[in-house]
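Colleague: coordinates only, sequence not included:
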Ligand SMILES: CC(C)(COP(=O)(O)OP(=O)(O)OC[C@H]1O[C@@H](n2cnc3c(N)ncnc32)[C@H](O)[C@@H]1OP(=O)(O)O)[C@@H](O)C(=O)NCCC(=O)NCCS
């Protein structure tokens, strides 16, 4: 019987960076080893490989064929339940649903908040940092068009200064926060806390019982907010990159 491919093409990444990018998840040591053979045979320029952080031999099996660590994701999850009244931020309008006129100013917020962000794209010295940031902006704009999601907007003085995108359609029970950011000029004023409280309320209203979300391990600000809002660490993954030609510095940039 033929085994299913572990790697699949990532057209958005390929277009953005001008190289052939494949992505995949390796959950076991045999998968991690097989992924290496697939990577070489595929003709990919760049492979983005995820694996669980435990057991360690899975990550070591990716390193064995030349993958290098680019970030570590931590997931948080927690129960949500319908509340009698919406949180203050929703009731007062400090947080509200997205309208079309928000997309342009919030695209700028995404650009500013994710510029130099320490995710796996920015951590790879061969990938252009400006294109990596543009990827987050494009991701936000795509999220605004998702039929199975809700985009919440935080405001400062009536202006849109933060966003949180909530995916509702992936499972019957779970809602997932996909992408979120607050403008640097509005950070540290509780906007994100207000967005998370609103997300919990909206998820429960939509019949979901659990909210999950992820970020890079070092990114403490959102993790503090999640913990204060009853979410707990639930899972973790490494993200590795692998270049077919083995070069890792900018002199070999795409
Ligand atoms: C993460 C982010 C959304 C937080 O927005 P915010 O509106 O400033 O958050 P809040 O004001 O609700 O509070 C964040 C808390 O984290 C704290 N914090 C901020 N930066 C921190 C840091 N580098 N290390 C530790 N704590 C930090 C804040 O002080 C605050 O805690 P406090 O109430 O004890 O002061 C914002 O920093 C951001 O957009 N970052 C870039 C994009 C990003 O990381 N998105 C999330 C990816 S999942």
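Modeller: On my side now, so go ahead. Since we're looking at a predicted model, the values are computed, not measured.
Colleague: Please count neighbours and contacts with C-alpha atoms only from this point.
Modeller: Noted.
Colleague: Where does pLDDT dip in the chain?
Modeller: Filtered on pLDDT under 70, the chain yields the residue ranges 1, 250-254.
Colleague: And the helices in it?
Modeller: 11-17, 29-42, 56-64, 88-92, 103-114, 120-123, 129-144, 191-205, 220-228 (DSSP state H).
Colleague: Pick the most buried one from the ones you listed.
Modeller: Stretch with highest mean neighbour count among the helices of the chain: helix 191-205 (a mean of 23; mean count of other CA atoms under 10 Å).
Colleague: Mind checking if that helix is in reach of the ligand?
Modeller: Yes: on the criterion CA under 6 Å from any ligand atom, helix 191-205 is in touch with the ligand at 191-193.
Colleague: before we move on, what about stretch 112-128?
Modeller: Yes: counting by CA under 6 Å from any ligand atom, the ligand has neighbours in stretch 112-128: 113-114.
Colleague: next one: stretch 75-87
Modeller: No: Stretch 75-87 lies out of reach of the ligand by CA under 6 Å from any ligand atom, never closer than 9.6 Å.
Colleague: going forward, begin numbering at 16 instead of 1
Modeller: Okay, residue one is now 16; in that scheme the one you just asked about reads as stretch 90-102.
Colleague: what's that stretch in contact with?
Modeller: With contact meaning CA atoms under 8 Å, 6 or more residues apart in numbering, stretch 90-102 is reached by 212-213, 215-216, 218-220, 223-230, 238, 241, 245-251.
Colleague: ok, back up a step: between the helices of the chain, which gets nearest to residue 20?
Modeller: The closest of the helices of the chain to residue 20 is helix 44-57. By CA to CA, the value is 7.8 Å.
Colleague: tell me the angle of that closest one relative to helix 71-79?
Modeller: 20 degrees (axes from the mean of the first three to the mean of the last three CA atoms, to 10 degrees).
Colleague: Please enumerate residues in contact with helix 44-57?
Modeller: Outside helix 44-57, the residues that touch it by CA under 8 Å, 6+ apart are 20-22, 41, 62, 72-74, 76-77, 80, 259.
Colleague: Go again with 7 Å.
Modeller: 21, 41, 62, 72-73, 76-77, 80 (CA atoms under 7 Å, 6 or more residues apart in numbering).
Colleague: Would you convert these into CSV that also reports distance to residue 137?
Modeller: Output for these, formatted as CSV (distance: CA to CA, whole Å):
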residue, distance to residue 137
21, 24
41, 22
62, 15
72, 26
73, 24
76, 24
77, 20
80, 22
